[in-house]
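**Student:** below are the sequence and a predicted model; questions follow.
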Amino acid sequence: MINARTKLCGIIGNPVRHTVSPAMHNAAIAHLKINYAYMAFEVSGASIETALSGVRALGITGLNVTIPHKVSVLPLLDELDPLAQNIGAVNTIVNQNGKLKGYNTDASGFAEALRIIGFNAKDKLVVLLGAGGTARAIGFALAQQGAYISLLCRSSGLEQAKLLAQNLDHIAQHTITTLELNDANLRKELSHAKLLVNATSAGMAPNDTETPCPAELLEPGMAVFDVVYTPLNTRLLKEAHAKSCLTVSGLDMLIHQGAQAFKLWTGQDAPIDVMRRAAIAELKLCSAKETTVKPAAPKTAVALIGFMGAGKSSVGRALARKMGKAFVDIDRRVEKSAGKSISRIFSENGESAFRAIEKEITRTVSSSGKKVIACGGGVVLDAENITHLKRYAVVIYIKSDPSIIMKRLAISRSRRPLLAQENWVSHINTLMSAREPLYAKAADITIENGDADIDSAIALIMQKLGRYESFNF
């Protein structure tokens, strides 16, 4: 029973509505009959400093820290445990009489989950997807074990991945490779890997139809570890199981890192089995609730994707006029946000800076329907962009013949930073080959847009949109 002497713990993140940590920790508290309680607090990045001041002021005993605060919380703490300092991320905070000390139990929680299945990473190639706070802890654990690590990250996070590799150099026994996360690099690395670890949010509910790795690239006999635990059996794990891989759910890591945090707050060993049963029960309950939620909002927007020069902007403007909808050009929004041209963003800040702005603009413009959106050619490089777009929009791939693309780009080449090189034709062919599968996968509708006039393209688009109830022309 909660009273004036109850010690409060919790979790901060954004979002945290999916978390099973309260069920897991409160079950452990009830089992041990100790006077604690655990709650979830949704805290935005802008409010994190205020939230930690509240922890001190209210005497909250401790917190778990989840996405997106595991790194940003560091400078706001009074002290860091040496392990957290080395990893560069915190997932647990202990309030010691108003002094907040940060710990990282993710690394040992991951290592324990591997140990239980009998996997030893020493001298084995491990492909690690992601470079955020969770990936930092996992990378540290793998480097400590002596693994060969291939760190794969979307182009927008490559600089972060390179920094992570540098941070791990002092403990790594082997050189850490950093590569862009795409099918070609995945195929190459996974052909020799013994373990694949997904440390991204790809596949997390409600986007549980996503996967960070195509099933055909998984090798029989390899181990596949997915840190995502909602749903418990992600698409990645289902497909890995079907390919005769050894699979490990993110729930195992969650439970073991949570048990260590529990001991830091309470001084008592956590009842692992109790926590596991409570977490699984909560996941099942959440899954049952999801089957009764109202259907998704009807799609009333259109998002045009495709390679540069495919005609997305020209078609998009005319389509918006025809449909009576607002037109949004993401590239132009990026330039307005940055206060400079895309060419200048690339030359002064780099492609990663452009991709970060593009991602934020895409998220913003996708937050409602009733518009036509022309996307940049590289928007498909980040799966989260497509997730945001698909919430309200039918995604249409404007596909043009490579020879037509070349003719158009020869005219506009000076305005396109990715073509600022002598061998631009070869570069275009490489980019098109790499991106074509991403466009095809993301598209709800594909339109072959050759040299036909814009009116013909629009007529074809509207004909195909007619199969959607919300587009009743």
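**Tutor:** Alright, I've got the coordinates.

**Student:** so residue 396 is in which element?
**Tutor:** strand 393-399 (DSSP states H and E).

**Student:** could you give me the average pLDDT of that strand?
**Tutor:** Averaging pLDDT along strand 393-399 gives 90.

**Student:** may I see the buried residues of that strand?
**Tutor:** 393, 394, 395, 396, 397, 398, 399 (16 or more other Cβ atoms under 10 Å). From N, CA and C alone the C-beta is placed, and that goes for glycine too.

**Student:** who does it pair up with?
**Tutor:** strand 301-305 (parallel), strand 445-448 (parallel) (DSSP bridges).

**Student:** and residue 417, what pLDDT?
**Tutor:** 62.

**Student:** if we can go back for a sec, just put the buried residues of strand 393-399 in JSON lines and tack on distance to residue 4.
**Tutor:** JSON lines is the format used below for the buried residues of strand 393-399 (distance: Cβ to Cβ, whole Å):
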{"residue": "393", "distance to residue 4": "52"}
{"residue": "394", "distance to residue 4": "56"}
{"residue": "395", "distance to residue 4": "55"}
{"residue": "396", "distance to residue 4": "60"}
{"residue": "397", "distance to residue 4": "61"}
{"residue": "398", "distance to residue 4": "64"}
{"residue": "399", "distance to residue 4": "66"}
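
**Student:** tally of neighbours for the residue lying closest to residue 234 once chain neighbours are set aside?
**Tutor:** Leaving aside its chain neighbours, residue 234 sits nearest to residue 203 (4.3 Å; criterion: Cβ to Cβ, 6 or more residues apart in numbering). Neighbour count for residue 203, taken as other Cβ atoms under 10 Å: 25.

**Student:** gap between the most centrally placed residue in the chain and residue 226?
**Tutor:** Nearest residue to the geometric centre of the chain (Cα atoms, centre = their mean): residue 201, 3.8 Å. Per Cβ to Cβ, to the nearest Å, residue 201 is found 11 Å from residue 226.

**Student:** possible to save the strands paired with strand 393-399 as JSON lines with mean neighbour count, mean pLDDT and distance to residue 136?
**Tutor:** Output for the strands paired with strand 393-399, formatted as JSON lines (neighbours: other Cβ atoms under 10 Å; pLDDT from 0 to 100; distance: least, Cβ to Cβ, whole Å):
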{"stretch": "strand 301-305", "mean neighbour count": "28", "mean pLDDT": "94", "distance to residue 136": "32"}
{"stretch": "strand 445-448", "mean neighbour count": "16", "mean pLDDT": "85", "distance to residue 136": "39"}
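
**Student:** among those strands, which comes closest to residue 196?
**Tutor:** strand 301-305 (27.6 Å; Cβ to Cβ).

**Student:** what is whichever helix or strand comes after the closest one packed up against?
**Tutor:** Toward the C-terminus, strand 301-305 is succeeded by helix 312-323 as the next helix or strand (DSSP H and E). Helix 312-323 is packed against strand 301-305, strand 326-329, strand 371-374, helix 454-465, with contacts defined by 3 or more Cβ pairs under 8 Å, 6 or more residues apart in numbering; DSSP states H and E.

**Student:** okay if I get these as TSV plus distance to residue 144?
**Tutor:** Shown next, in TSV, are the helices and strands packed on helix 312-323 (distance: least, Cβ to Cβ, whole Å):
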stretch	distance to residue 144
strand 301-305	42
strand 326-329	47
strand 371-374	45
helix 454-465	53
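
**Student:** from the ones you listed, which stretch is densest packed?
**Tutor:** strand 301-305 (a mean of 28; mean count of other Cβ atoms under 10 Å).

**Student:** that one: how far from the chain's middle?
**Tutor:** For strand 301-305, the separation from the chain centroid amounts to 22 Å (computed by Cα atoms, centre = their mean, to the nearest Å).

**Student:** could you check the angle that strand makes with helix 312-323?
**Tutor:** 160 degrees (axes from the mean of the first three to the mean of the last three Cα atoms, to 10 degrees).

**Student:** strand 301-305 vs helix 454-465, what angle?
**Tutor:** 120 degrees.

**Student:** just for the stretch 151-300 of the chain, where's the confidence low?
**Tutor:** Applying pLDDT under 70 to the stretch 151-300 of the chain flags residues 287-297.

**Student:** make it 50
**Tutor:** Applying pLDDT under 50 to the stretch 151-300 of the chain flags residues 292-294.

**Student:** return the member of the buried residues of strand 393-399 nearest to residue 312.
**Tutor:** Of the buried residues of strand 393-399, the one sitting nearest to residue 312 (Cβ to Cβ) turns out to be residue 398, at 5.3 Å.

**Student:** that closest one touches residue 313, doesn't it?
**Tutor:** No - the pair residue 398 / residue 313 is not scored as a contact, 10.0 Å apart, by Cβ atoms under 8 Å.

**Student:** so which elements touch the host helix or strand of residue 336?
**Tutor:** Element membership for residue 336, per DSSP H and E: helix 330-338. Packing partners of helix 330-338 (3+ Cβ pairs under 8 Å, 6+ apart): helix 342-349, helix 351-365, strand 371-374.

**Student:** now do the longest one against helix 330-338, angle only.
**Tutor:** Taking the same axes, to 10 degrees, one finds that helix 351-365 is oriented at 100 degrees with respect to helix 330-338.

**Student:** with just CA atoms, put helix 351-365 into CSV.
**Tutor:** The C-alpha atoms that make up helix 351-365 are tabulated as CSV, following Å, rounded to 0.1, in the frame of the first residue of the first chain:
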residue,chain,number,x,y,z
GLU,A,351,25.0,15.3,-45.9
SER,A,352,24.3,14.1,-42.4
ALA,A,353,23.2,17.5,-41.4
PHE,A,354,20.9,17.7,-44.4
ARG,A,355,19.4,14.3,-43.7
ALA,A,356,18.7,15.3,-40.0
ILE,A,357,16.8,18.4,-41.2
GLU,A,358,15.0,16.4,-43.9
LYS,A,359,13.9,13.9,-41.3
GLU,A,360,12.5,16.5,-39.0
ILE,A,361,10.7,18.3,-41.8
THR,A,362,9.2,15.0,-43.1
ARG,A,363,7.9,14.2,-39.6
THR,A,364,6.3,17.6,-39.3
VAL,A,365,4.6,17.7,-42.7
